[in-house]
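**Q** model this:
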Amino acid sequence: MSHGPSLLNVIDVEATCWDGQPPPGSVNEIIEIGLTVVDVSAARRVSRHRVLVRPVRSKVTDFCTELTGLTQAEVERGVSFAEACRILVEEYGAGERPWASWGEYDRRQFARQSQADGVAYPFGYPTERTHTNAKAVFTSAHGLRRKPGMAQALRMAGLPLEGRHHRGEDDAWNIAALVLDLLGRGAWPVTAPVADV
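**A** Coordinates of the predicted model:
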């Protein structure tokens, strides 16, 4: 019995950030959600997407623009966090599809912001349920003692870094290449489709 293509969402978020402590009253907020859809059974990247998100409790600093390439003017044209979560669920099956990110930051940031904004966490509860930490999988597959950053992992795997590092859409695309590399080595944990409970 086949469930059609086994799709995995690879997600990388960029958030408002500061060189040092945030100013009083400001908190880290997601400003970009990069998403690459991977067809696990066909072992290929199917599509890439980005959702810009408008922050409400913080502003994009020059430091943040330098890092991500995003400006305050750009993210002001983005959607609300609630709308971004709706897009993830309705257009990218976030509630059913497994997803992966590089490390735990993205999952924790989504959980934190969902709680702060009173928005349902888009990937289903518990928050770890359908999430795979690609950095942890890579670390154990390569027998490393320390967890590498994404750019370092690409070098170790002999893969190119495509696009701009710290741009969510490009990072998700590159992390997806690492997922495919791990899949090719038989190191990626392939789970059965999550049944509705």
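
**Q** Can you get me the start-to-end distance on stretch 125-132?
**A** For stretch 125-132, the first-to-last residue distance is 14 Å (C-alpha to C-alpha, to the nearest Å).

**Q** Buried residues, that stretch. List them.
**A** Thr127, Thr130, His131, Thr132 (16 or more other C-beta atoms under 10 Å). Placement of C-beta: from N, CA and C, glycine included.

**Q** and the lengthiest helix in the chain, what does it pack onto?
**A** The longest helix of the chain (DSSP state H) is helix 168-184. Applying 3 or more C-beta pairs under 8 Å, 6 or more residues apart in numbering; DSSP states H and E, one finds that helix 168-184 contacts strand 7-15, strand 30-39, strand 44-52, strand 99-101, helix 134-141, helix 150-157.

**Q** closest to Val190 out of these?
**A** The minimum distance between Val190 and the helices and strands packed on helix 168-184 falls on strand 7-15, with 9.1 Å, by C-beta to C-beta.

**Q** ok, that closest one: who's next to it in the sheet?
**A** Strand 7-15 has its sheet partners listed here by DSSP bridges as strand 30-39 (antiparallel), strand 99-101 (parallel).

**Q** how about these in CSV, adding mean pLDDT?
**A** Compiled in CSV, the strands paired with strand 7-15 are given as follows (pLDDT from 0 to 100):
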stretch, mean pLDDT
strand 30-39, 98
strand 99-101, 98
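
**Q** Output those strands in JSON lines; the columns should cover distance to Arg108.
**A** Converted to JSON lines, the strands paired with strand 7-15 look like this (distance: least, C-beta to C-beta, whole Å):
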{"stretch": "strand 30-39", "distance to Arg108": "11"}
{"stretch": "strand 99-101", "distance to Arg108": "10"}
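
**Q** can those go into CSV with extra columns for distance to Ile87 and mean neighbour count?
**A** Compiled in CSV, those are given as follows (distance: least, C-beta to C-beta, whole Å; neighbours: other C-beta atoms under 10 Å):
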stretch, distance to Ile87, mean neighbour count
strand 30-39, 8, 25
strand 99-101, 14, 26
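
**Q** Among the ones you listed, which comes closest to Gln113?
**A** strand 30-39 (6.0 Å).

**Q** what separates that closest one from the chain centre, distance-wise?
**A** In terms of C-alpha atoms, centre = their mean, to the nearest Å, the centre of strand 30-39 is found 5 Å from the chain centre.

**Q** Repeat that for stretch 138-145.
**A** 20 Å.

**Q** same deal with stretch 24-31?
**A** The mean C-alpha position of stretch 24-31 is separated from the chain mean by 18 Å, C-alpha atoms, centre = their mean.

**Q** and for it, what are the contacting residues?
**A** With C-beta atoms under 8 Å, 6 or more residues apart in numbering as the test, stretch 24-31 has contacts from 13-18, 22, 52-60, 64, 68, 70, 75, 78, 81, 84, 109-110, 113, 116.

**Q** which among the residues you listed end up buried?
**A** 13-17, 52-55, 58, 60, 64, 68, 70, 75, 78, 81, 84, 109-110, 113.

**Q** Give me the subset of the contacts of stretch 24-31 that lies in helices.
**A** Cys64, Thr68, Val75, Phe81, Ala84, Gln109, Phe110, Gln113, Ala116.
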